[in-house]
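S.K.: Pasting a predicted model and its sequence here:
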Amino acid sequence: MKQKIVFACQECGAQSSKWMGRCGDCGAWNSIVEERPVPEAVMAGAIEKRYSLAVAAGPQLYADISILNAQRLSTGIGEFDRVLGGGVVPGSLVLIGGEPGIGKSTLLLQAAAHFAREFGPVLYSSGEESEHQIKARGERLGIERAPLYILAETCLERILEEIARLKPSFIIVDSIQTVFSLKFQSAPGSIGQVREAATQLLFAAKGQNIPTFLVGHVTKDGNLAGPKALEHIVDTVLYFEGERHHSHRVVRAVKNRFGAISELGVFEMTGTGLHAVPNPSQLFLAERPANAPGSAVLCCMEGSRPLLVEVQSLVSSTSYGTARRMASGVDQNRLSLLLAVLEKRAGLNLTGEDVFVNVAGGMTVDEPAADLGIVAAVASSIRNRPIKDGTAVFGEVGLAGEIRGATQAPLRVREAAQMGFSRCVLPPGNCPPTDVPPGIQLVEVKTVVDALDAVMDW
C-alpha cells in the first residue's frame, strides 16, 4: 500500500495534500515541506504505551496532593534563580533561546556543574558540539570533577534511554532543533520533529520529576525557531539578550508558570564564564557623564526589579528636507508621540530638528513610565541645559501633557535613594509613597511643563 504524503507548514503547522508556495493559513512563503506520517504499526504501539505527566496511576484528591517535592532548587547563579522565579522547580521544562554565541551553552554548563555537585548526576545532551568541545569550555570555566555526563547524541530515543538509565537530577538538551525521532522521516528541526521531541521530553520531565532545560534556535527576526506550539508545551520561556559589543548579557522571562514574567537577570561575560551582576543600576550608570545636556536618569522596572538607566538624547538641526527620528532601546513610534506632545504642550519647536534617543548600555525599556525620562532628555538637549544634579525621573506622559502614575513607585524611589540620588521627579499619583527613604526629595509634577521646570532651568 502506498504511503500517504502530507505537506506541513513549518511556521504554523497547517497541513495540505499538495505543495504550495504560500501557506493558506498563516501566509508564510516557502514554508511548506514534505512530511511522511507515522506508520500505522508505530501508531498502534504508541497507543498501547501509556503517556502521563504524573507519577500516580490515576486521579488524586486535591487535598491529598503534596507539594513538598516542588521546592525550588538553586542553580548556584543568583541572577538565573531570580529569572526562574526563585530557582528551578523539579519536573519543570524550560526553553531558553538567544542569538548564536551569546552564552546559552556557557550559562547552562555552569548551572549543570553546580547541580552535579549538589544534587547528583546531570545529563548534558548536545547535538551541536562534541564531548571534547564541551570539555574544553568546562576547563575554561573552571569546572571541577562532578557527576556530569556528556552525551553527543541527536536521536530522541537514545536520549530517553540514557535518561531512564542514569535517572539524572538535571537534564540539558542543546538544542531541541537538532533532535530527531525515528518515528518521522522528516529532517531534524522540522515542525513534526520539534513537536515530538519537546512532547516526549515533557513526559520524561513530568513523569520522573526531573527539571529539564531545552536550548532553542532563533530566527533572523529574533523569535524562537520552530512551531509556536513549542512555547506552549514548556513551562518557562527565557530569552538571552545582549549586544555583541557589550560585555553584559540579559536573561528575560517572557513566560513562567512558576513565577513572574518580565523578570530580568543581568550577567557579565568574562573569560571565565558568565558572572552575575547583583547591582545592574551601578553597571548601567558607571560611565554616565556629569552635567551633560541630553542625559537623564530613568527609574524603570523589569519584573520585580527596579533599575536605573541613562536615557540619552541628541537634537540637532536637520540637513535634509524631512527631520529624522531614530531610537535605540525605546519604541520609535512612542518617541514620535512624545515629540508631538512636547511641541503642542511645552512649546518646543522640533519640526526641523533631527532627534536621536538612546538607552545607554544596550538596555531595552518598553514600559510607559519611561516617557518622562525621554521627554526630559530631549528637552535638555534642545535647550542645551543639563538636568539638575542628583535627579531621577519616571512617569507616563499623556497626550494632554499630563503626567500619569506608574506601578511600584516605592521600589523605584528606594533604588534611586540607594544609588545616591537626592531628588526624584514623579507623578502626583505616586507621591508620596508609603515609605520615603531618608535623604531623597520627592518632587510632584502634574504636567510636562511642571516636569521640565523641576528637572532643569529651561
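M.R.: Happy to help now that I have it.
S.K.: How about the contacts made by Trp19?
M.R.: Residues in contact with Trp19 (Cβ atoms under 8 Å, 6 or more residues apart in numbering) are Phe7, Ile32, Glu34. From N, CA and C alone the C-beta is placed, and that goes for glycine too.
S.K.: 7 Å instead?
M.R.: Neighbour list for Trp19: Phe7, Ile32 [criterion: Cβ atoms under 7 Å, 6 or more residues apart in numbering].
S.K.: any idea whether it is helix, strand or coil?
M.R.: coil (DSSP: H, G, I helix; E, B strand; the rest coil).
S.K.: Kindly report the same for the one 5 residues further on.
M.R.: With three-state DSSP as the basis, Gly24 sits in coil.
S.K.: Tell me how many other residues crowd it.
M.R.: Per other Cβ atoms under 10 Å, the neighbour tally for Gly24 reads 11.
S.K.: Report the separation between Glu162 and Leu108.
M.R.: Per Cβ to Cβ, to the nearest Å, Glu162 is found 17 Å from Leu108.
S.K.: Show me which of these two is the more surrounded one.
M.R.: Between Glu162 and Leu108, counted using other Cβ under 10 Å, the more crowded position is Leu108 (22 against 15).
S.K.: Am I right that the more buried one sits in a strand?
M.R.: No - counting by three-state DSSP, Leu108 is not part of a strand but helix.
S.K.: Next, the contact list for it, please.
M.R.: Ile172, Asp174, Phe213, Val215.
S.K.: Let me know the pLDDT of it.
M.R.: pLDDT for Leu108: 96.
S.K.: Quick one: mean pLDDT for stretch 142-152?
M.R.: In the prediction, stretch 142-152 has an average pLDDT of 92.
S.K.: Mind listing what's buried along it?
M.R.: Under the neighbour-count criterion of 16 or more other Cβ atoms under 10 Å, stretch 142-152 has Ile143, Ala146, Leu148, Ile150, Leu151 buried.
S.K.: quick one: contacts for Ser105?
M.R.: Here Ser105 is in contact with Asp174, Val215 (Cβ under 7 Å, 6+ apart).
S.K.: Which helix or which strand is home to it?
M.R.: Assigned by DSSP states H and E, Ser105 falls within helix 104-119.
S.K.: next structured bit after that helix?
M.R.: Once the chain leaves helix 104-119, the next helix or strand it forms, by DSSP H and E, is strand 122-126.
S.K.: Which residues belonging to that next one are considered buried?
M.R.: Neighbour-count burial for strand 122-126, counted by 16+ other Cβ under 10 Å, picks out Val122, Leu123, Tyr124, Ser125, Ser126.
S.K.: what's the offset of it from the middle of its chain?
M.R.: Distance, stretch centre to chain centre, for strand 122-126: 23 Å (Cα atoms, centre = their mean, to the nearest Å).
S.K.: what's the angle from that strand to helix 104-119?
M.R.: Calculated by axes from the mean of the first three to the mean of the last three Cα atoms, to 10 degrees, strand 122-126 forms an angle of 160 degrees with helix 104-119.
S.K.: export strand 122-126 as PDB, just CAs?
M.R.: The C-alpha trace of strand 122-126 is given here as PDB (Å, rounded to 0.1, in the frame of the first residue of the first chain):
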ATOM      1  CA  VAL A 122      23.400  15.600  35.400                       C
ATOM      2  CA  LEU A 123      22.900  14.600  31.700                       C
ATOM      3  CA  TYR A 124      24.100  17.200  29.200                       C
ATOM      4  CA  SER A 125      22.900  16.100  25.700                       C
ATOM      5  CA  SER A 126      24.500  18.100  22.900                       C
END
